[in-house]
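Novice: mind folding the following:
(2 chains)
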Amino acid sequence: MNQKAIRFPRGVLKIKKGYNPNSSSIGTVLYSFPLAFIALGAIIALCAALIKGKAKDEK
Amino acid sequence: MKKNDTTSEPSIHRVRYESFGGIISSIDPPFLAWVDKGFMRKLGYCASPLWEKKGIARQGEAFLSAPTEVHWAVTNRCSNGCLGCYKDSQPSECAELSTDALKASLKSLRDLGVFHVALGGGEAFTRSDLHEIVLYSREIGLVPNLTTNGLSIGKHEIEICKLMGQVNISCDAVGKDFSVNGRNGSFEQIENAIRALKHAAVSVGINCVVSRNNFYFLEKIVEFAAREGLNEVEFLKIKPSGRAKQWYAANALTQEMIRAFYPMLMRFNRPDSLELKIDCSFVPAVLYHKPEKSDLEKCAVSGCDAGNMLLSVKSDGVFAGCSFVDNSDNDQVSKIGEQWSASRHLNRFRQLVASAQKPCRSCRYLSLCRCGCRATAGFYTNDFFAPDPECPFVFDYTHRQSISKRSI
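Specialist: Below you'll find the model as predicted:
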């Protein structure tokens, strides 16, 4: 339990992954905290790409 | 200033302003990201009047400008008759919104800023207008998702499911144990439905209600889901609601099971493509193992998020903070635009942290857990603001208190 904390791109506060089809309860992806944040990798990369892409447009 | 809720970025579905910045909705991959004002500016969004406020606060803590997801029991009809049904669904006719009224309310929710709608029931497929409802949701920019009992999946239903972001089929155990929670139908029907949906490239998962009857069978569900190539299994703690209320005391999880739940799930073998999810009422069972709070916050792990991220709607159009707690004011979803901030019912949920009792009041996870499940607490105590007695921290505290009283 000594992994590094998650590092999001600057400005990203929180990420809720996936959809919750359940009509009765809010769904939370069950990670082994703080393990397995690698599962968020694609999303974090996308957020970073959004900012970079936007910054490029502005230039 | 860019118009709220629209964007030209191809990867972004929708964006809405919040007091802290905004929330970005993406469809591929599906996620919601809470971002600060700087991030919003970099995306090209100018300052919003909301940024001048410290969140909408009324008689309690700050809450979002709209729910992120709405859970809608579009009907109470279901012929399945499961003993553990949280709604007491019946095969007979029930009070339901008309197609036009339902669509108008979906539009109100969309206008408020809602991103996702989870359709269920009852059995949503008993509504002959489900296709129209789902098409309309897509048309106005709401992502529809579905929970179904899986017993009536034919060609027409598959076409509807193709429009969903995610479809989950209720299944509490596999093989001969299928009916362990009083479920009707057969496992073979579920298997066939899952395979047909997978064949049609629908994102399919399983909803599994966890009671003491199937607690030791959960690994078999995960194995089955992995074998079938499903993308998620969501475990829902059984709740004292609907027909399950009479059934609850004899079938609720024991304290030993609640404490063993999270480590047990983490030991299950599963491919990376299969995600395990839990519902809000299981959050105290995870927190008992003391994970890092900031990591949980970043991954949007939340206990009772009723009246904040979550809103539920019954088949007759009455909304509530969650599907397991009744709104005695009978507020109608058609009025959600004005009622989201003003509803007395929703504002009670927003006072949970401020009104926390011992031991929740001093718990480091309070802001995240928010005193556990209101349906469970209400069932045992009749007090809306009472700590959830099934939370291990609360259980231990109560036990210590009773010993201390006895010794005095």
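Novice: quick one, helices of chain A?
Specialist: Per DSSP state H, chain A carries helices over the ranges A:41-58.
Novice: residues contacting the residue of it found nearest chain B?
Specialist: The nearest approach of chain A to chain B comes at A:S23, 2.5 Å away (CB to the nearest CB). C-beta: built from backbone N, CA, C; applies to glycine. Residues near A:S23 by CB atoms under 8 Å, 6 or more residues apart in numbering or on different chains: B:71-73, B:118-121, B:147, B:312, B:323.
Novice: how does it look with 10 Å?
Specialist: By CB atoms under 10 Å, 6 or more residues apart in numbering or on different chains, the contact set of A:S23 is B:70-74, B:86-87, B:117-122, B:124, B:145-148, B:168, B:207, B:312-313, B:323.
Novice: ok, B:L135 next?
Specialist: So B:L135 contacts B:103, B:144, B:160, B:163 (CB under 10 Å, 6+ apart).
Novice: now do B:S273
Specialist: Contacts of B:S273 (CB under 10 Å, 6+ apart): B:226, B:229-232.
Novice: circling back to that earlier point, nearest to B:N184, of the contacts of B:L135?
Specialist: B:I160 (22.5 Å; CB to CB).
Novice: what's the local residue count around the nearest residue to B:K87 once chain neighbours are set aside?
Specialist: Closest residue to B:K87 apart from its sequence neighbours, by CB to CB, 6 or more residues apart in numbering or on different chains: B:G242 at 4.5 Å. For B:G242, the count of nearby residues is 19 (other CB atoms under 10 Å in any protein chain shown).
Novice: which residue is nearest the centroid of chain B?
Specialist: B:D279 (6.2 Å; CA atoms, centre = their mean).
Novice: the residue nearest to B:K87 is in contact with B:S89, isn't it?
Specialist: Yes. Assessed by CB atoms under 10 Å, B:G242 is found in contact with B:S89 at 7.5 Å.
Novice: overlap of the contact sets of these two?
Specialist: What both B:G242 and B:S89 touch, as defined by CB under 10 Å, 6+ apart, is the set B:76, B:82.
Novice: mind telling me what element the residue nearest to B:F215 when sequence neighbours are not counted is part of?
Specialist: Distances taken as CB to CB, 6+ apart place B:M257 nearest to B:F215, at 5.0 Å, with adjacent residues excluded. Per DSSP states H and E, B:M257 falls inside helix B:255-267.
Novice: may I have that helix as PDB, with CA atoms only?
Specialist: Extracted in PDB, the C-alpha atoms of helix B:255-267 (Å, rounded to 0.1, in the frame of the first residue of the first chain):
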ATOM      1  CA  GLN B 255     -20.900  -7.900   9.700                       C
ATOM      2  CA  GLU B 256     -18.300 -10.600   8.900                       C
ATOM      3  CA  MET B 257     -19.400 -10.600   5.300                       C
ATOM      4  CA  ILE B 258     -19.400  -6.800   5.000                       C
ATOM      5  CA  ARG B 259     -15.900  -6.700   6.300                       C
ATOM      6  CA  ALA B 260     -14.700  -9.500   4.100                       C
ATOM      7  CA  PHE B 261     -16.300  -8.100   0.900                       C
ATOM      8  CA  TYR B 262     -13.700  -5.800  -0.400                       C
ATOM      9  CA  PRO B 263     -10.600  -8.000   0.100                       C
ATOM     10  CA  MET B 264     -12.500 -10.900  -1.300                       C
ATOM     11  CA  LEU B 265     -13.400  -9.100  -4.500                       C
ATOM     12  CA  MET B 266      -9.800  -7.900  -4.900                       C
ATOM     13  CA  ARG B 267      -8.700 -11.500  -4.800                       C
END
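Novice: list the buried residues for it?
Specialist: Buried residues in helix B:255-267, counted by 16 or more other CB atoms under 10 Å in any protein chain shown: B:257-259, B:261-262, B:265-266.
Novice: contacts made by it with the rest, please.
Specialist: Contacts for helix B:255-267 (CB under 10 Å, 6+ apart): A:30-33, A:35-36, B:210-212, B:215-216, B:218-219, B:222, B:233, B:235, B:237, B:252-254, B:276, B:278, B:282, B:284-289, B:291, B:389-392, B:395-396, B:399.
Novice: and it, average pLDDT?
Specialist: Average pLDDT, helix B:255-267: 96.
Novice: show me the contacts for the residue nearest to B:I27 when sequence neighbours are not counted.
Specialist: Leaving aside its chain neighbours, B:I27 sits nearest to B:H13 (4.6 Å; criterion: CB to CB, 6+ apart). By CB under 10 Å, 6+ apart, the contact set of B:H13 is B:5, B:7, B:24-28, B:30-32, B:115, B:141, B:143.
Novice: take those residues and write them to a markdown table, including neighbour count, distance to B:D172 and secondary structure.
Specialist: A markdown table is the format used below for the contacts of B:H13 (neighbours: other CB atoms under 10 Å in any protein chain shown; distance: CB to CB, whole Å; DSSP: H, G, I helix; E, B strand; the rest coil):
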| residue | neighbour count | distance to B:D172 | secondary structure |
| --- | --- | --- | --- |
| B:D5 | 16 | 39 | coil |
| B:T7 | 18 | 41 | coil |
| B:I24 | 27 | 35 | strand |
| B:S25 | 23 | 31 | strand |
| B:S26 | 21 | 32 | strand |
| B:I27 | 14 | 30 | strand |
| B:D28 | 9 | 31 | coil |
| B:P30 | 20 | 26 | strand |
| B:F31 | 22 | 28 | strand |
| B:L32 | 23 | 29 | strand |
| B:F115 | 28 | 29 | coil |
| B:G141 | 14 | 34 | coil |
| B:V143 | 22 | 26 | strand |
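Novice: out of these, which one sits closest to B:R195?
Specialist: B:P30 (23.0 Å).
Novice: how much space separates the closest one from B:R14?
Specialist: Computed with CB to CB, to the nearest Å, the distance linking B:P30 and B:R14 is 12 Å.
Novice: okay, and the common contacts of the two?
Specialist: Common neighbours of B:P30 and B:R14 (CB under 10 Å, 6+ apart) are B:115, B:143.
Novice: which ones, among the contacts of B:S273, also lie beside chain A?
Specialist: Restricting the contacts of B:S273 to those within reach of chain A (CB under 10 Å from any CB of the partner chain) leaves B:231-232.
Novice: buried ones among the contacts of B:S273?
Specialist: Here, 16+ other CB under 10 Å leaves B:226, B:230-232 buried among the contacts of B:S273.
Novice: of the residues you listed, which belong to strands?
Specialist: B:E232 (DSSP state E).
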